[in-house]
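Participant: this one's structure only:
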């Protein structure tokens, strides 16, 4: 466990962020290797089928991760306040409420799978492969949430190393599973999905048994599940659903863009799949420091240390802006090579469109850095409305662009979409943060 309310903020933030970064990097490495394995052994049609549903799988995974991280904010606040019994009760509530929500979404997703694929405008010849892949991903939602919940609760206590170690094992087995199910069993795109779900199940089981043995504060008792605290439940639902919906709104906007991209043909689908995979790699620091700031602000808000919160936000923005410059340099120097590494394709249309996306969008990453840090910091401080407003603006703008710029400009409309949206959605966040107690002259 790590108490983030004491010690030098810069050292604490970086030491907390490093294992989170390595964990996200491992997850991203798997995603990139998975894409390369599918592209190499199953060829471009299979890669396009997976890519055509990537926004949907991103929506599912993003919502569940946001839900788990939101629940864990309350756990972090209780831990920062030194309320051990409340820490345990919040963990129990996160498992109960999150599992119920995950199961409900699984049923809905499986029942309406084909209408969803129709809505996504998945090309007719790719529908069967896309359905085979996403069906299994949706069916494994519960396992995905349970691992996310356990990992988020550990991070709420300041332990970022344990989730990293477990994830490392899971990713290694996931890659091995990809190769086994695709090359040996010949299960096609279903093999990639099966390997993903099995790795999530394994990660949850290992994480659960370790955390229960290591941390007495997380050893749940029968009374933790009965007569839940209604006030705590309300706060956790507010935090969890806020972060879950925030992620969902972001991904719904991306989903709207994907419906337009899927009309542009296989080469553009593959190009965008590659560009988004590399973008995930570039934006890894935003996610890392975002998760870090949610916990850092949560613990320090629970302890009443708003001076530390203010300093932490400034440091996180500085670190991520430095990373933004690095990402832009990579796009302009080795962008083409990154696209090839991800897809294995030498198709000039794929490479040109993917690199154009990277070169243009990375120039504006500094705006995304501010968005990510403010949005997650506000969540840690208990402000759930404005981050949702900002994410809603993102969704609305992407829907508008999908209906206007993409039909008019083709893939160029997709390339310019994100920076336009970023400049709009950052406005309410900046206005709100300077009106919050964290920026009052007197520390609380």
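Facilitator: Happy to help now that I have it. All figures in this text were calculated on a predicted structure; none of them were measured in a lab.
Participant: ok, and residue 427, which helix or strand is that part of?
Facilitator: helix 411-433 (DSSP states H and E).
Participant: Now that helix: buried residues?
Facilitator: Neighbour counts over helix 411-433 (16 or more other C-beta atoms under 10 Å) mark 411, 413-415, 417-419, 421-422, 425-426, 428-429, 432-433 as buried. All C-beta spots, glycine's among them, are computed from the backbone N, C-alpha and C.
Participant: What is the nearest of the residues you listed to residue 136?
Facilitator: Residue 136 has its nearest neighbour among these in residue 414, at 27.9 Å by C-beta to C-beta.
Participant: what sits against the closest one?
Facilitator: Residues touching residue 414, when contacts are defined by C-beta atoms under 8 Å, 6 or more residues apart in numbering, comprise 257, 260-261, 272, 357, 401, 405-406.
Participant: In terms of pLDDT, where does it sit?
Facilitator: Per-residue confidence (pLDDT) for residue 414: 86.
Participant: and the gap between it and residue 79?
Facilitator: 42 Å (C-beta to C-beta, to the nearest Å).
Participant: cool, residue 413 as well?
Facilitator: Remark: distance between residue 413 and residue 79 (C-beta to C-beta) = 46 Å.
Participant: Just give me the residue closest to the centre of the chain.
Facilitator: The central residue of the chain, meaning the one whose C-alpha is nearest the mean C-alpha position (C-alpha atoms, centre = their mean), is residue 62 at 4.6 Å.
Participant: Surely that residue and residue 247 touch.
Facilitator: Yes. Using C-beta atoms under 8 Å, residue 62 and residue 247 qualify as a contacting pair, with a distance of 3.8 Å.
Participant: What's the local residue count around residue 313?
Facilitator: Burial of residue 313 is recorded as 25 neighbouring residues (other C-beta atoms under 10 Å).
Participant: hang on, it packs against residue 377?
Facilitator: Yes. Between residue 313 and residue 377 there is a contact under C-beta under 8 Å: 5.1 Å.
Participant: Quick check: neighbours shared by those two?
Facilitator: Common contact partners of residue 313 and residue 377 (C-beta under 8 Å, 6+ apart): 293, 297, 433.
Participant: from these, which is closest to residue 239?
Facilitator: Ranking those by separation from residue 239, with C-beta to C-beta as the measure, puts residue 297 on top at 12.0 Å.
Participant: Low-confidence ranges, the chain, go.
Facilitator: The chain contains residues with pLDDT under 70 at 1-3, 30, 32, 55, 250, 440-444.
Participant: Now do the same for residue 304: helix, strand or coil?
Facilitator: Assigned with DSSP: H, G, I helix; E, B strand; the rest coil, residue 304 falls in the coil class.
Participant: Tell me how many other residues surround it.
Facilitator: For residue 304, the count of nearby residues is 14 (other C-beta under 10 Å).
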